[in-house]
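In: When you get a sec, could you give me coordinates for this:
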Amino acid sequence: MFRQDSQGEVPLFHEDENASSKSNIKHPLACFFHLFFRTSAIMIYLFCEFLSLSFIANMVTIILLLSSDFWTVKNVTGRLLVGLRWWNQVNEDGSSHWMFESRTEGSKSIISSSESKIFWFGLIVCPVFWVFFMFSTLLAFNIKWLAVVIMGAVLQWANLYGYVRCKIGGGSKLKNMATNYFGLQLFKKVVNKPDRP
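Out: From the prediction side, this is the model:
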């Protein structure tokens with residue numbers, strides 16, 4: 001379910017509408033931590049044998065970094081850098097609903113293009129690394145690391161999926177985009193089909 005701010009003039013997220021900054025990066029600390037936890041987990045995974053010989057210490061460090069990254073991106077940097085958030089709401093009857101939310105059109109002018117690029121770059125590139133690590137772990141039969149790389153891939157892709165759904169506007173808009181794309185492709189094939197004698 002997609003939900004936008006229904007209060008009109010009042011911003012959904014706590015923000016100062018009149019805030020101005022000379023820099024394009026208005027939230028440098030959020031940008032830093034958006035990339036810090038993700039890249040640190042990848043670096044420790046790559047160089048863990050040089051840092052510590054203990055598999056448990058390396059595994060716990062990577063899992064803590066991945067968990068910190070998931071929480072930070074989901075609850076802080078998504079709101080500050082791009083004005084998006086998502087969560088799962090459980091009703092009293094036990095049913096759950098995924099909620100996807102974005103800022104109102106009027107308050108979207110606050111979003112810095114530099115911060116948005118940093119956010120989406122980190123959100124898209126890092127999950128690709130974890131999927132690569134997962135396949136390389138499987139091919140090398142390095143089973144002890146399989147749980148760690150699967151956790152990395154799942155947490156990174158969950159945030160990516162949630163924010164793509166927020167950006168697109170929920171399932172109905174995504175479905176309409178796919179239908180329009182495939183309809184256009186089919187139309188092009190029919191129009192470009194050469195007539196046979």
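In: Just the buried positions in stretch 28-37, please.
Out: Ala30, Cys31, Phe33, His34, Leu35, Phe36, Phe37 (16 or more other Cβ atoms under 10 Å). Where you see a C-beta, it was placed from the backbone N, CA and C, and this is true even at glycine.
In: Ok, stretch 56-68 next?
Out: Residues Asn58, Met59, Thr61, Ile62, Ile63, Leu65, Leu66, Ser68 are the ones in stretch 56-68 that count as buried (16+ other Cβ under 10 Å).
In: Which residue ranges of the protein form strands?
Out: Assignment of strands within the chain using DSSP state E yields the ranges 2-4, 84-90, 96-102.
In: Format those as CSV; extra columns: mean pLDDT.
Out: Converted to CSV, the strands of the chain look like this (pLDDT from 0 to 100):
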stretch, mean pLDDT
strand 2-4, 45
strand 84-90, 87
strand 96-102, 84
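In: Out of these, the one nearest Leu146 is which?
Out: When these are compared by Cβ to Cβ, strand 84-90 sits nearest Leu146, at 26.4 Å.
In: Who are the packing partners of that closest one?
Out: strand 96-102, helix 146-168 (3 or more Cβ pairs under 8 Å, 6 or more residues apart in numbering; DSSP states H and E).
In: Next, the angle from that strand to strand 96-102.
Out: On the basis of axes from the mean of the first three to the mean of the last three Cα atoms, to 10 degrees, strand 84-90 is oriented at 160 degrees to strand 96-102.
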